[in-house]
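> here's a sequence, model it:
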Amino acid sequence: MTASLKRVLLVFATAGTTLLTLTIAGLPQAHGTAVEALVSVGSPINLHPRNAQNEPALAVDPLHPSTLVAGSNDLVDMQPCSRDASTKSGACSYPLGTFNLGVGLQGVYFSFDNGHNWVQPTYQGLTAAGCDPTADSPTSPCQAEVGDIHTVPNFYENGLRSRSDPGVAFGPKPGADGTFSWSNGTRLYYSTLATNLTDTTIGTEGQNTPTSVVVSHFDDLSSANYQDQSRWSRPFFVDKNVGPTAGLDKEQVWADNAATSDSFGNVYVCYTDFHSFSGGLNFPLIPMVGVSRDGGTTWSSRQVAPPTTATPVGFHQGCTVRTDSHGVVYVFFTHSFAGTPGHGFHQMIKSVDGTPVPLPRGKRIISTSTAAEVRKMLEGVVRVGGTGTEAAIDGYTLAGKTGTANKIDPKTGEYSDTAYVASFVGFAPARDPKLLVTVTVDEPKGGIYGGEIAAPAFQRIAQFALPYLGIPPS
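Here you go, the predicted structure:
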């Protein structure tokens, strides 16, 4: 984003309906008051479950900052909840769990006045909203028909349904020669998971899986054209070759919007590939990123980090992708541990145009002999008799250093007698380092020493990371 554009801070709150609260930084105080507005205005309030949304996403048009778009999982085109299915099976439609086969589930909403008021467009597609909730049964389910819809269009016409996990982003529109410029206008991107109309193997364009990732786009959005269905593209597949045991999930989209970037206009989608529906607890989850360099029409995708398995080392699930003014791509994946409690962390992966960023060549500042002597000392810290024995891991030779430091008391300017920082820095394997971990605890409770506070945390992190990275015992 160019420096001339204001930064907008947005917070969603959902509870049945999709609501929006926004605060705009950098504006006069009188205009900084938060605004709450109903976004999912196309949903009637007297039928269940059509007034049901979750997993919202939001984007602001950088050329027209009063223009906002939101997306969410939305059951607005689903049938009114089936009496038979709800009383007998706790569901709202037949076949159970399908939310009416073929009916799209991705709502789209627009605001053209800084989020104060919203509209939900009406397009044409497959809908079950007209079904009689008292008339269906397992052998005679509601039959969706072509009619008015309030979800992202042009899926049914292409043999698909929008399914879940919406993402929205604005970028520059490509010109007739394929180059990107803000003078061409803006392009809205909408990403989602997609299935076919029967929730079976898609079977086209290399999609040998029931669920895949797609991106649609809409050019030069305005209050005059938002209901023009012809301005929406067809949904384009991000991954061009998905195997029958794979399932793609939790995607998000972003467009490089900085004119200073060499990759200006590139569109990125991050997602997770659940790469084996084995029915067990040990299938790989592969972090993936797709990129389009022509405005979202053609895509290439690649694995960006080692896969994880759900048990016992946790799993990747959920991601965000962003770019900076130089075109560097930053992808963040959540990594959750299996079991209870469900601790985890965020993993950042950084690249330039899909190529790993090379680390600068280091400069030696101490001799190899001095480094070897220091390493021996640091190995002793973790051994019996050292101050960091709680960092030790069976089978691995480790090296590290504990730290305990008084903080400065801001009132006196002197060292505090009550506030401390505890730390432990360690690496493994000690003789051939592959992993470096730093743990710093600010004002710890229950103790003050790095060996008792930070070293155990190092141990837990390294116990997971060493086998995860494929680093064998010493």
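> from here on, just use CA atoms for contacts and neighbour counts.
Fine.
> what segments of the stretch 1-150 of the chain are strands?
Remark: strands of the stretch 1-150 of the chain, listed N- to C-terminal, are 8-15, 17-24, 35-38, 53-60, 68-74, 106-111, 123-127, 145-149; assignment by DSSP state E, counting those that start in this stretch.
> the last one packs against which elements?
Using 3 or more C-alpha pairs under 8 Å, 6 or more residues apart in numbering; DSSP states H and E, the elements in contact with strand 145-149 are strand 123-127.
> and stretch 109-120, how far apart are its ends?
End-to-end distance for stretch 109-120: 5 Å, by C-alpha to C-alpha, to the nearest Å.
> confidence-wise, which of the strands of the stretch 1-150 of the chain is weakest overall?
Of all the strands of the stretch 1-150 of the chain, the segment with the smallest mean pLDDT is strand 8-15, scoring a mean of 31.
> tell me the secondary structure for Arg375?
Look at Arg375: counting by DSSP: H, G, I helix; E, B strand; the rest coil, its state is helix.
> switch to numbering from 52
Yes, from this point I'll number from 52; that puts the last item at Arg426.
> what's the local residue count around it?
Counted with other C-alpha atoms under 10 Å, the burial measure for Arg426 works out to 18 neighbours.
> how about residues contacting stretch 255-267?
Taking C-alpha atoms under 8 Å, 6 or more residues apart in numbering as the criterion, the residues outside stretch 255-267 that touch it are 240-247, 250-254, 283-300, 302, 347.
> mind redoing it with 7 Å?
240-246, 250-253, 283-289, 291-299, 347 (C-alpha atoms under 7 Å, 6 or more residues apart in numbering).
> any idea how far it is from the chain center?
Relative to the chain's own centre, stretch 255-267 is displaced by 19 Å; criterion: C-alpha atoms, centre = their mean, to the nearest Å.
> run through the neighbouring helices and strands of the longest strand along the chain.
Counting residues, the longest strand found in the chain (DSSP state E) is strand 231-247. When contacts are defined as 3 or more C-alpha pairs under 7 Å, 6 or more residues apart in numbering; DSSP states H and E, strand 231-247 sits against strand 211-225, strand 263-270, strand 298-306.
> may I see the buried residues of that strand?
Under the neighbour-count criterion of 16 or more other C-alpha atoms under 10 Å, strand 231-247 has 231-233, 236-247 buried.
> and that strand, C-alpha only, in PDB?
Output of strand 231-247 as PDB, limited to C-alpha atoms (Å, rounded to 0.1, in the frame of the first residue of the first chain):
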ATOM      1  CA  PHE A 231      -0.800  -3.600 -13.600                       C
ATOM      2  CA  SER A 232      -1.500   0.000 -12.800                       C
ATOM      3  CA  TRP A 233      -3.800   1.800 -10.400                       C
ATOM      4  CA  SER A 234      -4.800   4.000 -13.400                       C
ATOM      5  CA  ASN A 235      -6.500   0.900 -14.800                       C
ATOM      6  CA  GLY A 236      -8.800   0.700 -11.800                       C
ATOM      7  CA  THR A 237      -9.200  -1.900  -9.100                       C
ATOM      8  CA  ARG A 238      -9.900  -5.600  -9.100                       C
ATOM      9  CA  LEU A 239     -11.700  -7.300  -6.200                       C
ATOM     10  CA  TYR A 240     -10.700 -10.900  -5.500                       C
ATOM     11  CA  TYR A 241     -12.900 -13.400  -3.600                       C
ATOM     12  CA  SER A 242     -11.400 -16.700  -2.500                       C
ATOM     13  CA  THR A 243     -13.200 -19.700  -1.200                       C
ATOM     14  CA  LEU A 244     -13.300 -23.400  -1.000                       C
ATOM     15  CA  ALA A 245     -15.400 -25.000  -3.700                       C
ATOM     16  CA  THR A 246     -17.000 -28.400  -4.300                       C
ATOM     17  CA  ASN A 247     -19.000 -29.700  -7.200                       C
END
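> run the angle between that strand and strand 119-125 for me.
Regarding strand 231-247 and strand 119-125, their directions subtend 10 degrees when assessed with axes from the mean of the first three to the mean of the last three C-alpha atoms, to 10 degrees.
> partner strands of strand 231-247 and their direction?
Strand partners for strand 231-247, identified by DSSP bridges, are recorded as strand 211-225 (antiparallel), strand 263-270 (antiparallel).
> among the ones you listed, which is nearest Tyr500?
With respect to Tyr500, and counting by C-alpha to C-alpha, the nearest of those is strand 211-225 at 44.7 Å.
> what mean pLDDT does that closest one get?
If you average the pLDDT values across strand 211-225, you get 97.
> do stretch 247-258 as well
Along stretch 247-258, the predicted confidence averages to a pLDDT of 94.
> center of the chain - which residue?
The chain has Cys370 as the residue nearest its centroid, 2.4 Å off, counting by C-alpha atoms, centre = their mean.
> returning to that earlier point: among the contacts of stretch 255-267, which ones are buried?
When the contacts of stretch 255-267 are checked for burial by 16+ other C-alpha under 10 Å, the buried set is 240-246, 250, 252-253, 283-289, 291, 293, 295, 297-299, 347.
> how distant is stretch 285-293 from the center of its chain?
With C-alpha atoms, centre = their mean as the basis, the distance from the averaged C-alpha position of stretch 285-293 to the chain average is 18 Å.
> quick check: buried residues in stretch 368-387?
Buried residues in stretch 368-387, counting neighbours by 16+ other C-alpha under 10 Å, are found at 368-374, 376, 378-380, 382-387.
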